[in-house]
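A.B. asks: Model the structure of this input:
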Amino acid sequence: MTLDRMVFVFAGFVVLLSVALAQLVNPWWIALAVFAGLNMIQAAFTGFCPAAMIFKKLGFKPGAAFR
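C.D. replies: Sure thing, here's the model as predicted:
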């Protein structure tokens, strides 16, 4: 699996986790989904993604988006 795909999987997991926690625990967990969405938008414009840096250190090979 490439670094790009791993970032997408992680972002999707964070959003789904946020929705589940908002339903089961407290509606304020939606803020986590908002943070994830804003992070994806800024990464699209700047190329800076903390998750990509972590996954790269874990040994995932870069794809087209994060080199």
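A.B. asks: CA only for contacts and neighbour counts going forward, please
C.D. replies: Will do.
A.B. asks: okay, now residue 26: neighbour count?
C.D. replies: Summarising burial for residue 26: neighbours were counted as other CA atoms under 10 Å, giving 12.
A.B. asks: nope, residue 6 is what I meant
C.D. replies: Using other CA under 10 Å, the number of residues around residue 6 comes to 19.
A.B. asks: same check, this time on residue 4
C.D. replies: Here the count is done by other CA under 10 Å, and residue 4 has 19 residues near it.
A.B. asks: Checking it next. Helix, strand or coil?
C.D. replies: Here residue 4 is helix, with the state taken from DSSP: H, G, I helix; E, B strand; the rest coil.
A.B. asks: Isn't it up against residue 62?
C.D. replies: Yes. Residue 4 is within contact range of residue 62, at 6.6 Å (criterion: CA atoms under 8 Å).
A.B. asks: so where is the protein shaky, pLDDT-wise?
C.D. replies: Applying pLDDT under 70 to the chain picks out residues 66-67.
A.B. asks: do you know how far the residue nearest the centre of it is from residue 45?
C.D. replies: Geometric centre of the chain, nearest residue: residue 11, 2.8 Å, by CA atoms, centre = their mean. For residue 11, the distance to residue 45 equals 16 Å [CA to CA, to the nearest Å].
A.B. asks: ditto for residue 28
C.D. replies: Going from residue 28 to residue 45 by CA to CA gives 27 Å.
A.B. asks: Let me see the ranges of the helices in this structure.
C.D. replies: 3-24, 30-46, 50-57 (DSSP state H).
A.B. asks: Let's see the first one as PDB, backbone CA atoms only.
C.D. replies: Right, helix 3-24. The C-alpha trace of helix 3-24 is given here as PDB (Å, rounded to 0.1, in the frame of the first residue of the first chain):
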ATOM      1  CA  LEU A   3       1.700   6.400   1.500                       C
ATOM      2  CA  ASP A   4      -1.100   8.200  -0.300                       C
ATOM      3  CA  ARG A   5      -3.600   5.400   0.100                       C
ATOM      4  CA  MET A   6      -2.600   5.000   3.800                       C
ATOM      5  CA  VAL A   7      -3.300   8.700   4.400                       C
ATOM      6  CA  PHE A   8      -6.700   8.400   2.700                       C
ATOM      7  CA  VAL A   9      -7.500   5.300   4.800                       C
ATOM      8  CA  PHE A  10      -6.500   7.100   8.000                       C
ATOM      9  CA  ALA A  11      -8.500  10.200   7.200                       C
ATOM     10  CA  GLY A  12     -11.600   8.100   6.400                       C
ATOM     11  CA  PHE A  13     -11.100   6.200   9.700                       C
ATOM     12  CA  VAL A  14     -10.900   9.500  11.700                       C
ATOM     13  CA  VAL A  15     -14.100  10.800  10.100                       C
ATOM     14  CA  LEU A  16     -16.000   7.600  10.700                       C
ATOM     15  CA  LEU A  17     -14.800   7.400  14.200                       C
ATOM     16  CA  SER A  18     -15.800  11.000  14.800                       C
ATOM     17  CA  VAL A  19     -19.300  10.300  13.600                       C
ATOM     18  CA  ALA A  20     -19.700   7.200  15.700                       C
ATOM     19  CA  LEU A  21     -18.400   9.000  18.800                       C
ATOM     20  CA  ALA A  22     -20.700  11.900  18.100                       C
ATOM     21  CA  GLN A  23     -23.700   9.500  18.000                       C
ATOM     22  CA  LEU A  24     -22.700   7.400  21.000                       C
END
